[in-house]
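Visitor: please find the sequence and the predicted model below.
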Amino acid sequence: MGKKLIIGLCVGVVIIVLAVFSALSFKVDSSEDESEVIRDSVSTLASTPVLSPASTTPKTINYQKYNIDYMNDDIKNILVRQAGATGKTAFYLPPTGYINVSRGTKYGVAFLIQNVNPKVPEGNEFVYNFDVDPSSVGDCGVSADVAQSWIERGWTSSGMIAGQWREDWNEWHDAMTIYFAFPSDVEPCTVKYNFVITKDGVAYDLKTVEFNLI
């Protein structure tokens, strides 16, 4: 009996030792597995690109806002600020730089001419013309002469810009509009008009007004 008891105890101790060793091994393995999972997760997060916020849709431009029949003080003040102290000309145009306009409608463009470095007190003589760019009318299906005739008024003018032509008037600029009438039977197209201005017979400034007829 004594020997069997000793053998039984030995076997029991061996079983307990093996059980403890297995438990420790499982814990170590589990810890290693958890560490591996954490490392993989951190690596995945680090490699995941950060998405930028979706870009906002640009606001629709109201082209009719810039359709000016006759000059008024509000638009004139905008153009004066736009020209600043040294700007030769300023146009009241949408931020696109071009104008979308429906065929069969009329459209007025406001602009300002400023006499920079004027003769004092008499001022200077300015002459301006709006002429269609012949290379831009091909898709419209008309000749340059026909496209030129779409200017209803204001395509040319001449006169002095002086700041002291009366005692209470000291502005060295002039503000006005050019008015277009586009026919309804023209093809959808882009047409450009070149604004050429001289000061005392010398080239002063050049701008282009562009319409998309839709």
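Guide: Right, received. Where do you want to start?
Visitor: would you map the helices across this protein?
Guide: In the chain, the helices defined using DSSP state H lie at 2-47, 73-83, 144-148.
Visitor: give me the mean pLDDT for the longest one.
Guide: So the one you mean is helix 2-47. Per-residue pLDDT over helix 2-47 has a mean of 43.
Visitor: next up, the contacts around the closest residue to residue 154 other than its chain neighbours.
Guide: The shortest distance from residue 154 to any residue other than its chain neighbours is 3.8 Å, reached at residue 178 (CB to CB, 6 or more residues apart in numbering). No exception for glycine: its C-beta is placed from N, CA and C like everyone else's. Applying CB atoms under 8 Å, 6 or more residues apart in numbering to residue 178 gives the contacts 108-109, 111, 130, 151, 153-155, 209.
Visitor: let's see it at 10 Å
Guide: The contact partners of residue 178, by CB atoms under 10 Å, 6 or more residues apart in numbering, come to 68, 91, 107-111, 128, 130, 151-157, 193, 195, 209.
Visitor: please apply the same query to residue 88.
Guide: 112-116, 173, 197, 199, 204-207.
Visitor: ok, for it, nearest residue in space, not its chain neighbours?
Guide: On the basis of CB to CB, 6+ apart, the spatially nearest residue to residue 88 that is not a chain neighbour turns out to be residue 205, at 4.3 Å.
Visitor: quick one: the one you found and residue 87 touch, right?
Guide: Yes: with contact defined as CB atoms under 10 Å, residue 205 reaches residue 87; the gap is 9.2 Å.
Visitor: touching both of the two, which residues are there?
Guide: Common contacts of residue 205 and residue 87, defined by CB under 10 Å, 6+ apart, comprise 113-114, 116.
Visitor: can I get those residues in TSV with pLDDT and neighbour count?
Guide: Putting the shared contacts of residue 205 and residue 87 into TSV (pLDDT from 0 to 100; neighbours: other CB atoms under 10 Å) gives the following:
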residue	pLDDT	neighbour count
113	97	26
114	96	22
116	95	17
